[in-house]
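1. I would like to see how this sequence folds:
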Amino acid sequence: MKHTFLTSTFVLVTSALSSHAALTISFPGNTSTDGWDQLVGSRLTGYGSYPGTSPWPAPVSPNVAGSTGDATFNKTSGGGYFATNSFYDGGNSGSLVVESSNPVANLATIVFQIDMGASSFASTPQLLVNGTDLYPADLSATYAGDYTYSFGGPATATNNFVFQWDLSGVTDPITSYQVQWETAPHSLIYELQVDSSDNFVAVIPEPSTALLTLFAGSALLRRRRTAR
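-> Below is the predicted model:
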């Protein structure tokens, strides 16, 4: 796969290329990153077929090179299975989660990315901390991109949604987290990535006018990627 990096401090977009993951986030301090791609039935067998309402046999471990292996991807209810070219919810909204019971010590921020087709969310991602406290994202953005299933093949337009949480004010030790969301009917998911650090640095500008300035028209970040 090929794509463009997003590197912080604040928002610094470069044209560097990488062979893995979505937008790459660089934080100072102790960090963790996990990524999932190739969300297809030929790689992930036993996770059901259309209409995709059967339970999953186990959470999905990250497969992108460089992943730390601290988080897993799972379906908790509803629709969702691994189809020919992507995750597909089969027309039934699915409740999905990326979770970790081994987060970075003194966790201060989490960035979650999800690369999707034309559909969006039935409910946008929220963060459940220690199984009790639910937080909406503090910052979010959407990047226009495209996805190619094979080298030189036709491109499919995608939306890469990015969400960031500032946990620097949480006083209790964070021992677990869950990024939770629900898919809209007929959603396609191509990639997922979660990054965390014990240092909070905003990697998404605020307010929303900054997004309009940064990503309007020809300034839209185009990511050309090729599935391995």
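2. Can you report how many residues lie near Thr183?
-> A count of neighbours around Thr183, defined by other C-beta atoms under 10 Å, yields 28. For every residue, glycine as well, the C-beta is placed using N, CA and C.
3. Asp146 reaches Thr158, doesn't it?
-> Yes - here Asp146 reaches Thr158: they are 6.0 Å apart, a contact under C-beta atoms under 8 Å.
4. So if I had to pick from those two, which one is more boxed in?
-> Between Asp146 and Thr158, counted using other C-beta under 10 Å, Thr158 has the larger neighbour count: 23 against 13.
5. so who does that one touch?
-> Contacts of Thr158 were listed using C-beta atoms under 8 Å, 6 or more residues apart in numbering, and they are Asp115, Met116, Gly117, Ala144, Gly145, Asp146, Tyr147, Tyr190.
6. Kindly recompute the last result at 10 Å.
-> Contact analysis of Thr158 by C-beta atoms under 10 Å, 6 or more residues apart in numbering lists 22, 86, 115-118, 143-147, 188-191, 223, 225.
7. Look up how far Leu134 lies from the closest residue to Asn92 other than its chain neighbours.
-> For Asn92, ignoring the flanking residues on the chain, the nearest one in space by C-beta to C-beta, 6 or more residues apart in numbering is Gly79 at 2.9 Å. As judged by C-beta to C-beta, to the nearest Å, Gly79 and Leu134 stand 23 Å apart.
8. In terms of packing, which of those two has more residues around it?
-> The residue with more neighbours, out of Gly79 and Leu134 and counting by other C-beta under 10 Å, is Gly79; that gives 24 against 11.
9. Might one say that that one is in contact with His186?
-> Yes - with contact taken as C-beta atoms under 10 Å, Gly79 and His186 are classed as touching, separated by 9.3 Å.
10. Show me the contacts of Thr158 that map onto helices.
-> Under the assignment DSSP state H, those contribute nothing to helices.
11. So which of the residues you listed are in strands?
-> Of the positions in these, Asp115, Met116, Tyr143, Ala144, Gly145, Asp146, Tyr147, Leu188, Ile189, Tyr190, Glu191, Arg225 sit in strands, assigned by DSSP state E.
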